[in-house]
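Peer 1: how does the following fold in three dimensions:
(chains A, B, C and D)
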Protein chains: 2
Amino acid sequence: MNEKKYHHGNLKQCLIEAGIELLNGEGETHFSLRKVAAICAVSNAAPYSHFKNKEELLEAMKNYVTEQFTEQLNNAIKGENMEQPNTIIKMGKSYIMFFINHPQYFQFLFSQPCIRVNLNMNDEGKGNFPPFELLKELHFRVLKKYGFSDEKIKDAIISSWATVHGLAAIATMEGVIYDGIWENKIEDIISNKEEN
Amino acid sequence: MNEKKYHHGNLKQCLIEAGIELLNGEGETHFSLRKVAAICAVSNAAPYSHFKNKEELLEAMKNYVTEQFTEQLNNAIKGENMEQPNTIIKMGKSYIMFFINHPQYFQFLFSQPCIRVNLNMNDEGKGNFPPFELLKELHFRVLKKYGFSDEKIKDAIISSWATVHGLAAIATMEGVIYDGIWENKIEDIISNKEEN
DNA sequence: AAATTAATCTTGACACTGTAAAGATATAAT
DNA sequence: ATTATATCTTTACAGTGTCAAGATTAATTT
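Peer 2: This is a model prediction of the structure:
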């Protein structure tokens, strides 16, 4: 049983998951298409039936990780009051925690031009980086309730995003002597940030 | 005149500068040791007399860029009152502007473990990432004047750093629809951030 | 000044990489 | 059953990082 068949059957998905496995194991530097193919027990050129090139596989992997990321952000505010500032804090904390728990993913996700962002609340936001879109919509719902102008809300979105993104960047840097207390500190900092 | 001599004479520095030139031209993806060697009109293996491997050249290049970065931060606060909050804002703005003017450098500088950071005001800070050390010391000088505790100051440093670093990250992402108004917005956001 | 040592550069080689072309095999459609 | 399509393999090539051996020059010692 389990003989090696000529056709893999589920190679595309296998390549994506094996790619992420390899990424977490060896880091992006030692990542290679041929290694991914080897993990899937398939020839060097097999991936080219599913992806135009290496870059396309990496993009698919990024989308895969982005979905996990988005799911976690959604879970973080599940059941919360969508018009309460505290919900923004919850999401912000979840944003940072995702990368503290998966430090490799930070560099990986934000190391190319695949992040699209539009602050307007119309169809232009459709192609947005999903985690950003979540942040954006939540800010609009909360801050509209508090009578903020659209322009003020947009500023707040950028400000919040910059804060959590910056904290995630710092938290995932090696050598930063702020370990352990991150979880508490982050809550303090974000809370303080959002209260004005 | 200008015959090709066997010994280059200044190869190490030439490799660093050619490396940065190549980085700005083709991006980190298409960067290669052999291309750098070619720019310096030298054989493939010549760089190995000056750098243990490719990674070491990249580190030297990062140090080179970090020096430019540090110099700009220093210039931004030259002659300013070192105990005024506005000086922090000036430096923060300069932090972001450096990467708006050199978008390639953001990914490049922060894409490896070379960033060391220690919040304590003693010798442990000696090995710190110089731009961070500048931010840190400025915060201590300003906030001490205002009677902040060391612990509060450390929080403020992380908070400020996260904000400017996050804004730099966002500003250097392609596709962000916030162009042009960055310079004004940034001043607003940073000012607002530092005033509490 | 001559001889020796050390630093710097070249040549040639190897294993590994991304990718393309041509062909093999299995699946789907007719 | 035949054809067409999708998927995979084999082979090949140019580009890469890196090493070892040797060539050339500069620095040091005598």
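Peer 1: residues near A:Cys40, how many?
Peer 2: Residues lying near A:Cys40 (other CB atoms under 10 Å in any protein chain shown) number 20. For every residue, glycine as well, the C-beta is placed using N, CA and C.
Peer 1: I figured it hits A:Leu15, correct?
Peer 2: Yes: at 5.9 Å, A:Cys40 counts as touching A:Leu15 under the criterion of CB atoms under 8 Å.
Peer 1: any residues of chain A in contact with DNA strand C? List them.
Peer 2: The interface of chain A toward DNA strand C, taken as CB under 7 Å from any atom of the strand, is made up of A:5-7, A:31-35, A:44-45, A:48, A:52-55.
Peer 1: for those residues, which one is nearest DNA strand D?
Peer 2: Nearest to DNA strand D among the residues of chain A next to DNA strand C is A:Ala45, at 3.2 Å by CB to the nearest atom of the strand.
Peer 1: helix or strand: which one has the residue in chain A positioned nearest to chain B?
Peer 2: Closest contact between chain A and chain B, by CB to the nearest CB, is at A:Gly166 (2.8 Å). Assigning secondary structure by DSSP states H and E places A:Gly166 in helix A:150-171.
Peer 1: now for that helix, which elements pack on it?
Peer 2: Identification of packing neighbours for helix A:150-171 by 3 or more CB pairs under 8 Å, 6 or more residues apart in numbering or on different chains; DSSP states H and E yields helix A:85-101, helix A:130-145, helix A:182-194, helix B:150-171, helix B:182-194.
Peer 1: and for A:Val65, the neighbour number?
Peer 2: For A:Val65, the neighbour count with other CB under 10 Å is 19.
Peer 1: excluding chain neighbours, what is closest to it?
Peer 2: A:Tyr105 (5.5 Å; CB to CB, 6 or more residues apart in numbering or on different chains).
Peer 1: got the buried residues for the helix or strand hosting the one you found?
Peer 2: Using DSSP H and E, A:Tyr105 falls within helix A:103-109. Residues of helix A:103-109 classed as buried by neighbour count (16 or more other CB atoms under 10 Å in any protein chain shown): A:Gln104, A:Tyr105, A:Phe106, A:Gln107, A:Phe108, A:Leu109.
Peer 1: cool, stretch A:29-36 as well?
Peer 2: Within stretch A:29-36, the residues that count as buried by 16+ other CB under 10 Å are A:Phe31, A:Leu33, A:Val36.
Peer 1: over to stretch A:81-88?
Peer 2: Residues of stretch A:81-88 classed as buried by neighbour count (16+ other CB under 10 Å): A:Pro85, A:Thr87, A:Ile88.
Peer 1: and those residues near chain B, which?
Peer 2: Contacts with chain B within the buried residues of stretch A:81-88, counted by CB under 8 Å from any CB of the partner chain: none were found.
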